[in-house]
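Chemist: build me a model:
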Amino acid sequence: MCSRSSEFLEDAERVKVDGTGYPPVSMSPDELTRATQLLQEGVSVVKYSKNGKYKTKQLFLDKARTKFVYTPSNKPVSATTIYLKDVVELRDVGRGMRVPDTVVFSKFENRLNSAQLCLALIYSVAPGAYRSLNLRFQDRAMKTAFENVVSFLVQRQGGQRYTDREKLRIYELWMDADNDGDNKLSLKEVTNMLGKLNVNLKPDNIKEMFNSADDDGSGSLEYDEFIKFYRRLKERPEVKPLFQGITGMAGDAPDGADEPRMTAEDLLRSRDAQMTQEEAPEVVKTFARDPARGLNQEEFTRYLYSAKNSWWNPQDKDNMNHPLPMYYINSSHNTYLTGHQLHGLSSADMYKVVLEKGCRCVELDCWDGLDGEPIIYHGYTATTKIKFAEVCETIAKYAFTTSPYPVILSLEVHTCVEQQARMAEIMIDKFGDNLLMRDHNLKFTPNDLKFKILVKGKMHKAHHVKRTGEDSEDEKDEGLEVTHNKKEEHAGGKHHKAVAIELSNTISVRATKVTDWGANSSTHEIQSFDEQHCMHLCETEAAHFAEMNTKMLSRVYPGGMRVDSSNYSPFEPWLVGCQAVALNFQRMDDAMRLYHAKFDSNGGCGYILKPHHLTNAGLFRDYMQTRETFKLVVQIIAAYQLPKRVGGTMRPYVTVQIDGTKDDRCDQQKSVQAKCDWSRGCKWDRPQSFIFHIRHRDLAVLTLGVVDHDSGLRIAEASVPVHLLRKGYRVAPLKDLDRTDLEESYLLCNIKLNKK
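Modeler: Next up, the predicted model:
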C-alpha cells in the first residue's frame, strides 16, 4: 500500500488552506429552506478532476443535512461522500480565488461568465491534509444556493462568532419548526419545537409568550416575531444580579432612561468577571450590537452562556517538540475486546472506536493462526479471534482521523518466527511510509513523528546489545517475549522466545526491563508494569520511578483480576510520570470518564505535556517537599436546559467532587435541590458554595454531576482538570454519561482558585 498521505490524495491535489473561509449567509430563512430542499432532491453539476477532465454528476444533500454525496461513480461510497464537519473552505473561482497547483477550471480563466459558475469545496481528509471538490453549476442561482446552504450548515457546527452562531441557531430552529413550509409558525409548531428542545412549559405559558411576540395579532409568528420569541425564551433571571454587580448599577432603569450598559472597563475591574486586558475588549466587540456603548443585559447573557465563556482555559496547547517520555499518552488495554476479558467478543472496530476517541497507544495480543495468518485474541480464554491483517487495516484507516501525532502499537507477541515475519509483512503493506522502521533517523518528539505508526516490542539480539542495568531477556515482561508461567505450560501452549529479524526491523519502541531505574536507557525504550506492581512502586520507590520516567517510557496495564473490564485510578501512575497508563476503553466507568476528561486537554490530541517536575530528573523530590496547596471555591449559580427525565419532570441537585491522587480525593459534596422553571432553567435561592484544598493541582480533576432527586440517577456531568480552570463567572458544558455533548446544556458557576 502507498503511504497514508498519497492515499488521501488519490485523485485530488494536496490543498493549502489559506483561511478564506465561507461567504456570509445572505438568504432569508424561507429561501434557505427552499435551497436546502432542492439540494436534498439532488442537483446536476459538472465535477472536475485535478487534470481538468470533467464529468456530469448528481449532487445530493442527505436528509439529516450532515453530508454531500455525488453519483454515479465507480469509487466506494466513502470516497464520494463529503461530511460537512470536514469542510474548511469555499473558494469562488468567479472571484479569482484559484485552486493551487492544478489545471482545474483553466479552460474558463478568460471566460468570466463560465467562471462565475465555478467553485471549489475544500475539505479535510486528515489533520493537515485536504482535498477539493471542484464544481461547475448550471446557473448562478444554483451556485448561490449551494454556497448559502454550505455556509449555514458548516458554520452551525463550527466555532464561529457567537452572534453569528445565534443567528444560525435561530435559522435552524425556524426551518425545523416550519413543518408545512408556509414561512410562518403556528402555536402548534412552536409547541412541538419546544418539546424537541427539552423546554417543558405549561401550555398557558407558551400561549402567553407566543401572543406577546405576535405583534400583528395574526395568530402566527413571522421570522422577526420568532426572533423576539426566541430571545424571550433565552432570558435568564439569575443573570440580572450578576450584571448589576459588575456594572455597579442596582435596580431597573427609570422609564425613558437608557438601559444600563457593561463596558470593557467594568469587566476588567470586576473580580468576579476575571477578564484579561485582551479578553474584555474582545468580548464587548463580539457580543455587543453597538460595541461603543457596551453590553446590555441580554448581550451579557449571550456571552455568559456561550462556548467562549467555557470554564476550560483555551490557552492549553503545547508545541509538541519535547521527547515522548515528557508526555502522558492516551492508551488502551486489550483494545480488541468489546467487553468481558474472558469470554467477550473481539472486534477490529474497537480500534476505530478508541482511535476516534483520541487514543494514541493500542494493544495487539498476537497468536499463531491455523492458516499461517496471525490472529488477535485474549490468549487461553473464550474470547473470539480476529485476523491481525484486519486490525492493521482498520488502524491504517483511522490512525490519524482525530490527531496527527504518532500511534504506538503495543505488541504482545505469542507467535512463531514464521508468523512474526508475516506480521512484519502485513504492517509494511498496510501502513506503508507511515510505519516507522527500526533504522529511522527522526527525532523522538510528537512533532517529528507526525503521521507515524510506531511498533513497541522486543528486538532481535542482532539489533541490540544488552547493556549494564538491563535484566535478562527471559524475564517476564509484556513485550514480544511470551510470558513463562505454569498456567500456559499446563494448557499446552507453545512458547516462542525467538524474535524474527523481519519483525525486529519494524520495532521503533524497544520493550525492555531495567534494574538500574533507567540510568542508561533512552527515550525510545519502554518497560511495562501491571497495575499491582506499579502501585507498589508508587508507594515505595516514587522518587526513583519518577526519575526513570524522565529518561524512558513506562506502560501500565490493568491487573488480571479485572475480568469485567473495570478500571483502576490512573492518578497514582501519573503522579510519578508514567506515560502510557492504559485503561479498558470497553467500560465507561468513573475512572474512564476522568481519563477522557484529562485527555480533552491539549486539543484532545492524545498527548499531554507532563508537569515541569516530572520532565526533569531530580525535581520530583523537591516538588514533594515544597509543593503548594491551593484553595478551590466552586459556587453553583444555575443550570440551563438540562436533559429531560423519562417519565416526568426532574428535580435536580448538583454533586461536586475532586478526583486525583489519594492526597486530593474527597467525599462527594452535593447541593440542595434546585428550583426549576423549564422555560428559564434551574436556579437556587442562593448560590451553593463548595470548598476544596488541593495538593496536586496539575493532576486533580473537578467534576460536577447533575442528579435527579427522585430516582437518584446521575443524568449529566462536566469534568475539567483543575489547572485548566478559568476563574470567575464561567459555564460548564454538560455531557451525558457516555460523554456525548448535550447541546446548549450548562451549569453556571463562579470559580475561585488561589494559593492557600
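Chemist: helices of the stretch 51-200 of the chain, start to end?
Modeler: Using DSSP state H, counting those that start in this stretch, the helices found in the stretch 51-200 of the chain span residues 112-115, 140-157, 162-177, 187-196.
Chemist: and of the ones you listed, who's closest to Phe545?
Modeler: Phe545 lies closest, by Cβ to Cβ, to one member of these: helix 140-157, at 43.9 Å. All C-beta spots, glycine's among them, are computed from the backbone N, C-alpha and C.
Chemist: got the buried residues for that closest one?
Modeler: Across helix 140-157, burial judged by 16 or more other Cβ atoms under 10 Å covers 142-156.
Chemist: most centrally placed residue in the chain?
Modeler: In the chain, the centroid-proximal residue (Cα atoms, centre = their mean) is Gly604; its distance is 5.2 Å.
Chemist: which ones are touching that residue?
Modeler: Counting by Cβ atoms under 8 Å, 6 or more residues apart in numbering, Gly604 touches Gly358, Thr402, Ser403.
Chemist: give me the element Lys240 is part of.
Modeler: In the assignment (DSSP states H and E), Lys240 maps to helix 239-247.
Chemist: what's in contact with the helix or strand following that helix?
Modeler: Later in the chain than helix 239-247, the nearest helix or strand by DSSP H and E is helix 264-269. Residues outside helix 264-269 that contact it (Cβ under 8 Å, 6+ apart) are Ile246, Thr247, Gly248, Ala273, Met275, Gln277, Glu279, Ala280, Pro281, Val283, Val284, Gly294.
Chemist: same thing but at 10 Å, please
Modeler: Residues from elsewhere that reach helix 264-269, judged by Cβ atoms under 10 Å, 6 or more residues apart in numbering: 243, 246-249, 260, 263, 273-277, 279-285, 288, 291, 294-295, 300, 303, 728.
Chemist: restricted to helices, list those residues.
Modeler: Phe243, Ile246, Thr247, Glu279, Ala280, Pro281, Glu282, Val283, Val284, Lys285, Phe300, Tyr303 (DSSP state H).
Chemist: of all these, which comes closest to Asp698?
Modeler: Taking Cβ to Cβ as the measure, Glu279 is the one of those closest to Asp698, at 23.6 Å.
Chemist: quick one: neighbours of the spatially closest residue to the closest one that is not a sequence neighbour, just the number.
Modeler: Leaving aside its chain neighbours, Glu279 sits nearest to Leu267 (7.9 Å; criterion: Cβ to Cβ, 6 or more residues apart in numbering). Per other Cβ atoms under 10 Å, the neighbour tally for Leu267 reads 25.
Chemist: distance of Leu267 relative to Leu304?
Modeler: Distance from Leu267 to Leu304, counting by Cβ to Cβ, to the nearest Å: 11 Å.
Chemist: list residues touching both of those two?
Modeler: The contact lists of Leu267 and Leu304 share Ala273, Val283, Leu295, where a contact means Cβ under 10 Å, 6+ apart.
Chemist: can you put these in a markdown table and add distance to Leu575, neighbour count and pLDDT?
Modeler: Shown next, in a markdown table, are the shared contacts of Leu267 and Leu304 (distance: Cβ to Cβ, whole Å; neighbours: other Cβ atoms under 10 Å; pLDDT from 0 to 100):
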| residue | distance to Leu575 | neighbour count | pLDDT |
| --- | --- | --- | --- |
| Ala273 | 34 | 21 | 86 |
| Val283 | 37 | 24 | 94 |
| Leu295 | 43 | 29 | 94 |
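Chemist: from those, which single one is nearest Tyr223?
Modeler: Checking the shared contacts of Leu267 and Leu304 against Tyr223 by Cβ to Cβ gives Leu295 as the nearest, at 25.0 Å.
Chemist: mind listing the residues bridging to that closest one?
Modeler: Counting by DSSP bridges, Leu295 is bridged to Met262.
Chemist: go on, Ile453?
Modeler: Beta-bridge partners recorded for Ile453 (DSSP bridges): Val407, Leu435.
Chemist: how far away is it from Arg360?
Modeler: Noted for Ile453: a distance of 10 Å to Arg360, by Cβ to Cβ.
Chemist: any shared contact partners between these two?
Modeler: Ala399, Pro406, Val407, Ile408.
Chemist: show me where the stretch 351-500 of the chain has its strands.
Modeler: Along the stretch 351-500 of the chain, counting by DSSP state E, counting those that start in this stretch, strands occupy 361-367, 375-376, 386-387, 407-413, 453-457.
Chemist: CSV for these, including mean pLDDT?
Modeler: CSV is the format used below for the strands of the stretch 351-500 of the chain (pLDDT from 0 to 100):
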stretch, mean pLDDT
strand 361-367, 97
strand 375-376, 97
strand 386-387, 97
strand 407-413, 97
strand 453-457, 97
